[in-house]
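[1] sequence-free structure coming up:
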Ligand SMILES: Nc1nc2c(ncn2[C@@H]2O[C@H](COP(=O)(O)OP(=O)(O)OP(=O)(O)O)[C@@H](O)[C@H]2O)c(=O)[nH]1
Ligand SMILES: [Mg+2]
């Protein structure tokens with residue numbers, strides 16, 4: 001019987017040589033590695049999923065969704081850490097807003113100066129509720145028209161995007177009995193430093209999920225996570241088209257993500273590794289595009305109908321995708337400023353255009369999904385997790401083939 005095709009094909013398996021140290025290995029699973037002494041028939045295989053993408057693109061949020069799906073519950077110390085993170089996100093967000101006022105040519109009225117001073121330097125101590133006297137101060141600041149103007153222009157100052165959610169839930173946060181819900185946890189932001197590894201048990205199989213920090217200074221560490229991959233989820237924030245990097249106020253987030261994608265999608269290293277190209281923040285994008293025209297940032301936005309048709313023709317030439325919904329993604333369009341579908345199509349098209357001819361086939365080793373990563377109930381989010389799970393399962397099937405071959409080789413010949 002032939003081994004299954006795809007990410008677990010025997011050729012690729014044979015090529016899974018460890019390239020760097022520090023992560024769990026799959027080498028003992030190689031069906032070509034019959035000399036390996038530690039290979040036993042009862043070893044449980046490890047699939048490895050890598051979350052890649054620029055900062056703030058939703059990698060850790062997808063990891064949280066995976067933890068929730070596969071019942072890796074949050075410990076009480078993690079919940080407490082998230083509670084304090086909620087406070088930090090609320091206060092830090094307001095401090096950033098206030099700090100941005102002068103660069104935006106705005107002034108805080110004197111009446112709000114005491115409130116500004118109150119929140120200037122505070123952290124929440126372990127197991128203490130949000131300080132009650134902060135509540136009025138922070139609400140007064142948030143509701144003021146100057147602060148709201150700064151929030152609306154937050155893209156100019158790389159302001160965190162979770163503030164509307166946090167401030168809409170403020171009264172609950174200030175309750176002394178506040179415990180963050182899963183939904184809160186999905187909306188909280190903590191920059192990932194270095195690499196985190198989480199093991200999930202998916203259908204009885206260990207699945208290692210590696211989440212990296214997307215900030216520029218973190219990217220040189222990525223290489224340590226590149227060995228033995230089963231699947232990559234590459235995240236792109238759709239709202240990044242009108243925003244700049246926190247570390248570099250002159251670098252557009254979407255352009256930055258396109259640059260990274262260019263090197264990832266065509267890299268020989270990842271040649272046989274399936275990629276789920278995941279466009280996140282669809283909910284925020286739908287709001288953003290209403291008042292921030294894509295063409296202001298990407299001037300060729302209006303003139304892509306011909307390109308879209310050309311890309312579609314190219315992909316449809318691939319035999320495997322007769323049935324695909326690529327046409328939906330890549331149809332020609334007359335883009336209008338607030339046209340959400342046209343905006344999404346445009347960016348998907350920009351990413352596809354970087355895939356070199358013959359490198360990847362849609363719906364076989366390149367999957368494109370648009371999601372709201374903070375929405376655990378959304379079908380699109382569930383679909384991404386199911387898609388990834390399908391890929392771990394292919395590894396499982398391959399391992400059972402490998403195990404059977406191994407058992408056969410070890411059996412005495414009668
Ligand atoms: N509304 C909304 N917020 C999102 C979405 N995806 C991510 N976020 C929020 O964006 C912020 C950043 O998300 P993270 O998952 O921490 O981003 P990351 O890619 O891990 O960022 P780094 O660790 O810095 O590389 C968090 O506050 C998330 O809640 C989405 O689809 N919709
Ligand atoms: Mg992260």
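    Perfect, thanks for sending it. Remember, it's a predicted structure, so these values are computed and weren't measured experimentally. Ligands and ions are numbered 1, 2, ... in the order given.

[2] Helix or strand for residue 52, just tell me which one.
    According to DSSP states H and E, residue 52 maps onto strand 46-53.

[3] how distant is the helix or strand following that strand from the center of its chain?
    Once the chain leaves strand 46-53, the next helix or strand it forms, by DSSP H and E, is helix 59-69. Relative to the mean C-alpha coordinate of its chain, helix 59-69 is positioned 9 Å out (Cα atoms, centre = their mean, to the nearest Å).

[4] And for residue 352, the neighbour number?
    Applying other Cβ atoms under 10 Å, we find 23 residues neighbouring residue 352. The C-beta positions use only the backbone N, C-alpha and C, and glycine is treated the same way.

[5] pLDDT score for it?
    At residue 352, the predicted lDDT confidence score is 94.

[6] Repeat that for the one 5 residues further on.
    pLDDT for residue 357: 83.

[7] Would you agree it falls within a helix?
    No: under DSSP: H, G, I helix; E, B strand; the rest coil, residue 357 falls outside any helix and is assigned coil.

[8] What is the burial count for it?
    So residue 357, with other Cβ under 10 Å, has 8 neighbours.

[9] Nearest spatial neighbour of the closest residue to ligand 1 within the stretch 201-350 of the chain, chain-adjacent residues omitted?
    Of all residues in the stretch 201-350 of the chain, residue 214 sits closest to ligand 1, at 2.9 Å by Cβ to the nearest ligand atom. Distances taken as Cβ to Cβ, 6 or more residues apart in numbering place residue 55 nearest to residue 214, at 3.8 Å, with adjacent residues excluded.

[10] Residue 256 too?
    Using Cβ to Cβ, 6+ apart, the closest residue to residue 256 is residue 54 (5.4 Å).

[11] Check residue 279 too.
    Closest residue to residue 279 apart from its sequence neighbours, by Cβ to Cβ, 6+ apart: residue 370 at 4.5 Å.

[12] That neighbour contacts residue 238, correct?
    Yes: with contact defined as Cβ atoms under 8 Å, residue 370 and residue 238 form a contacting pair (7.4 Å).

[13] Would you mind listing the residues touching both of these two?
    Any residue near both residue 370 and residue 238 by Cβ atoms under 8 Å, 6 or more residues apart in numbering counts here, and that gives 279, 282, 344.

[14] just checking, the second one touches residue 371?
    Yes: applying Cβ under 8 Å as the test, residue 282 and residue 371 come out as touching, 6.1 Å apart.

[15] any shared contact partners between these two?
    Taking Cβ under 8 Å, 6+ apart as the criterion, residue 282 and residue 371 both touch residue 380.

[16] Between the two, which is the more surrounded one?
    The residue with more neighbours, out of residue 282 and residue 371, is residue 371; 26 against 20, by other Cβ under 10 Å.

[17] residues in contact with that one?
    Shown in contact with residue 371 (Cβ under 8 Å, 6+ apart): 278-280, 282, 378, 380-381, 384.

[18] For burial, what's the neighbour tally of the nearest residue to it once chain neighbours are set aside?
    Excluding the flanking residues, the one nearest residue 371 by Cβ to Cβ, 6+ apart is residue 380, at 4.7 Å. Residues near residue 380, counting by other Cβ under 10 Å, number 15.

[19] which parts of the stretch 51-200 of the chain sit against ligand 1?
    Within the stretch 51-200 of the chain, the residues that sit near ligand 1 (Cβ under 6 Å from any ligand atom) are 53, 55-61, 161-162, 186-187, 189, 191-192.

[20] ok, now with 8 Å
    Residues of the stretch 51-200 of the chain found near ligand 1 (Cβ under 8 Å from any ligand atom) are 51, 53-64, 89, 160-162, 165, 186-192.

[21] What is the burial count for the closest residue to ligand 2 within the stretch 301-414 of the chain?
    When scored by Cβ to the ion, the stretch 301-414 of the chain has residue 373 as its residue closest to ligand 2, at 11.2 Å. Per other Cβ under 10 Å, the neighbour tally for residue 373 reads 27.

[22] Okay, it and residue 75: tell me how far apart.
    22 Å (Cβ to Cβ, to the nearest Å).

[23] Same question for residue 129.
    As defined by Cβ to Cβ, residue 129 lies at a distance of 20 Å from residue 75.

[24] These two: who's more crowded?
    More crowded of residue 129 and residue 75, by other Cβ under 10 Å: residue 129, with 15 against 9.

[25] Spell out which parts of the stretch 101-250 of the chain neighbour ligand 2.
    Contacts of the stretch 101-250 of the chain with ligand 2, taken as Cβ under 5 Å from the ion, map to residue 192.

[26] Which stretches in this structure count as strands?
    46-53, 195-202, 205-212, 231-237, 275-280, 366-370 (DSSP state E).

[27] dump the residue contacts of residue 126.
    The contact partners of residue 126, taken as Cβ under 8 Å, 6+ apart, are 80, 84.

[28] Check residue 246 too.
    So residue 246 contacts 55-56, 158, 215 (Cβ under 8 Å, 6+ apart).

[29] at 7 Å what do you get?
    Going by Cβ atoms under 7 Å, 6 or more residues apart in numbering, residue 246 touches 55, 158.

[30] likewise the one 5 residues further on?
    Residue 251 sits next to 244-245 when contact means Cβ under 7 Å, 6+ apart.
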